[in-house]
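[1] Below: sequence and its predicted model.
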Amino acid sequence: MTSAFFKHETSIVKTTNVGRGTRIWAFVNICEDVRIGENCNICDHCFIEEGVGIGDNVTIKSGAYLWSGLVIENDVMVGPNVVFTNDLRPRSKQPFKIAPIRIRKGASIGGNSTLLGGVTIGCYAMTGIASVITKDVKDYALVWGNPARQRGWVDEAGNKLVPDGPGRWKSPTSVIYVENNEGLLRRENTSNC
């Protein structure tokens, strides 16, 4: 990592592990022991606690608070005011075991969504706005609601897929995806999930 990143004068950045080209905007507070990749955009009024890992090319919109145990892989979009939790049975001033959350490559989390500690959001999955995520989301799945339920499949660009035979789905650009235990797999397998 390098120090060649932008930091707004009102932000507090205690970590030294910030990648080149990353932009940290106004009133952001980033604790020590946080790793932030290259070319990220962390918008106003975000808080990032110790032990958070953020990959490359990640966008975190305003008002998101990231708690210990959260891992965000490359190319993820976190919408405004997303709520991450890491304590399944919170009590004031009581010790707890962290329930980590993992957001896999290319996923998008809709604004005002809430994620229960311990969940994993699959590669290129997408959650609708204000979704309450209480269980794992499969690769390429489109979910929304309270609690969030799968409503379809999307491609890497977020376009809805249409059925193309048993266990097969097709994008608007005619790319074929096949179902597996983790969700979908791009037939050409170029997505690197």
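    Done, it's in.
[2] residue farthest from the centroid of this protein?
    The centre of the chain is farthest from one residue, Gly165, which by C-alpha atoms, centre = their mean lies 30.5 Å away.
[3] so which strand or helix has that one?
    Gly165 belongs to no helix or strand when assigned by DSSP states H and E.
[4] what sits against it?
    By C-beta atoms under 8 Å, 6 or more residues apart in numbering, no residues touch Gly165. Using the backbone N, CA and C atoms, a C-beta is placed for each residue, glycine as well.
[5] Give me the local confidence score for it.
    For Gly165, the pLDDT comes out at 95.
[6] now Ser174
    Looking at Ser174, its pLDDT is 94.
[7] I'd like to know the phi and psi angles of it, please.
    For Ser174, the backbone dihedrals (degrees, to the nearest 10) come out as phi 70, psi 20.
[8] ok, what's across the strand from the residue most central in space within the chain?
    For the chain, Ile103 is the residue whose C-alpha lies nearest the centre (C-alpha atoms, centre = their mean; 4.1 Å). Ile103 forms beta bridges with Ile72, Ile121, as assigned by DSSP bridges.
[9] what sits against it?
    Counting by C-beta under 8 Å, 6+ apart, Ile103 makes contact with 70-73, 76, 78, 109, 120-121.
[10] Tell me which two of these sit farthest apart.
    Farthest pair in the contacts of Ile103 (C-beta to C-beta) is Val78 and Thr120. Separation: 14.9 Å.
[11] These two: who's more crowded?
    Counted by other C-beta atoms under 10 Å, Val78 and Thr120 do not tie: Val78 has more neighbours, with 27 against 19.
[12] Now for that one: which residues touch it?
    Here Val78 is in contact with 58-61, 64, 72, 103, 109 (criterion: C-beta under 8 Å, 6+ apart).
[13] Appreciated, that's everything.
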